[in-house]
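**Student:** Model the following, please.
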Amino acid sequence: MSLEFYWYLPTAGDGRSKAFDQLAPAKDTPNTTIRDLRRDHYTNIDYITQVARAAELAGFDGLIAPDDAAGEASWIVAGLIARDIKRPKIITEFSPGAGSAVYFAKKAVTFQRYSGNRLGWSLATSTDAATRKALGDFVADGDIARRLEEFLIVSKGVGSSDDFTFKGEFFEVLKGGFGGPLSGWQLPEISLSGDTSEALEISAGYGDVHVFELGTADLASKIARLKALTATKARTINIALKARIFAHDDLDRAALEAKRAGFENDAQTLTGDYDSLAEDLLLLGELGVDRFQLFAPHSLETAYRIGEHVLPRIRQALRKAA
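**Tutor:** Model (predicted):
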């Protein structure tokens, strides 16, 4: 068994972000050739970059820039941190309703060229109609899955051919694809999510990673079902588990932090000292989880704690079991 660990970046803030954006007023820059107009204005983007560096130093395998209506744009964040971190993969989360599948594929190929093929996509659309409409997306609830499938067909098609044609209900392309320096590049790893039969079918056909949430009912049986579906299509898929986490060297202190944050006894939250968390994650790995996608209300220090104390325990146990 091998396990990967990814950390969610706080694109929508984690209790510090508003303060950072108000630390200093932006100053006028008389020289227009200066690239960074913030000068001494420390912003939330600086903090997100700090979290990304911490996760890299702490040994995480990847980073995720989540798509949040109230947060920073995930694609911009991913592009910014790609220059600052060298090793972890970078997943950008977005909705297929945000634009052209061809344009997203082109952005992905460009990102791959300049990041060493480190980009991943996490595709998800809000199930709340009001939230979608506020973002200019008026797709009906019953059409979300079909649009996702078309997006995947088109993006994969133009990424692997320079003469791709497709006409669907939501996307259409005529003799599209990439040539020249954009041709021949590896497409992003595709992460999909959901626990409905429809979601599992789409992942079985197109996904590289399927993300379940901690607390999903009958998780082991859903993992088994998805892997069986994928096998019928002569494909393989990795399983990821998304979880909020509170970690401390003292179990009571971890529980107190979870309680103060309002996540006491929350089904989507892991709480514990370093030994117990390592044991919990290893047990979940035995259910078929290949990757853990973790986040916390206090992102910076928790990433350090997990990387310094929990990941080494897990990796040592895996080495002994090998």
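**Student:** Give the residue spans of this structure that score low on pLDDT.
**Tutor:** 15-41 (pLDDT under 70).
**Student:** Go ahead and name everything in contact with the helix ranked longest in the chain.
**Tutor:** As assigned by DSSP state H, the longest helix anywhere in the chain is helix 144-160. Helix 144-160 is contacted by residues 96-97, 101-102, 104-106, 108-109, 123, 125, 127, 139, 164, 166, 168-171, 173, 176-178, 185, 187, 190, 192, 198-199, 202, 205-206 when judged by Cβ atoms under 8 Å, 6 or more residues apart in numbering. The way it works is simple: take the backbone N, C-alpha and C, and place the C-beta from them, glycine included.
**Student:** does the residue nearest the centre of the chain count as helix, strand or coil?
**Tutor:** A centroid search over the chain (Cα atoms, centre = their mean) returns residue 64, at 3.5 Å, as the residue closest to the centre. Of the three states, residue 64 takes strand according to DSSP: H, G, I helix; E, B strand; the rest coil.
**Student:** Nearest residue to residue 104 in space, please, no chain neighbours.
**Tutor:** residue 155 (6.1 Å; Cβ to Cβ, 6 or more residues apart in numbering).
**Student:** what about that neighbour, distance to residue 78?
**Tutor:** Note on residue 155: its distance to residue 78, by Cβ to Cβ, to the nearest Å, is 16 Å.
**Student:** Then residue 227?
**Tutor:** Applying Cβ to Cβ to residue 227 and residue 78 gives a distance of 29 Å.
**Student:** and these two? which has more neighbours close in?
**Tutor:** Neighbours were counted for residue 227 and for residue 78 using other Cβ atoms under 10 Å; residue 78 has more, 26 against 18.
**Student:** My reading is that that one lies in a helix. Confirm?
**Tutor:** Yes: counting by three-state DSSP, residue 78 is part of a helix.
**Student:** which ones are touching it?
**Tutor:** Neighbour list for residue 78: 65, 90-92, 111, 119 [criterion: Cβ under 8 Å, 6+ apart].
**Student:** at 10 Å what do you get?
**Tutor:** Each residue near residue 78 by Cβ atoms under 10 Å, 6 or more residues apart in numbering is listed here: 9, 11, 52, 63-65, 90-94, 107, 111, 115, 118-120.
**Student:** Of the residues you listed, keep whichever come out buried.
**Tutor:** Buried subset of these (neighbour count, 16 or more other Cβ atoms under 10 Å): 9, 11, 52, 63-65, 90-94, 107, 111, 115, 118-120.
**Student:** Now go through those and say which are in strands.
**Tutor:** 63-65, 90-94, 119-120 (DSSP state E).
**Student:** got those residues as a markdown table, with distance to residue 82 columns?
**Tutor:** Supplementary listing: those in a markdown table, determined by distance: Cβ to Cβ, whole Å:
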| residue | distance to residue 82 |
| --- | --- |
| 63 | 10 |
| 64 | 13 |
| 65 | 10 |
| 90 | 6 |
| 91 | 12 |
| 92 | 10 |
| 93 | 15 |
| 94 | 16 |
| 119 | 8 |
| 120 | 12 |
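**Student:** Show me which pair in these is furthest apart.
**Tutor:** Across these, no pair lies farther apart than 63 and 94, at 15.1 Å, counting by Cβ to Cβ.
**Student:** Appreciated, that's everything.
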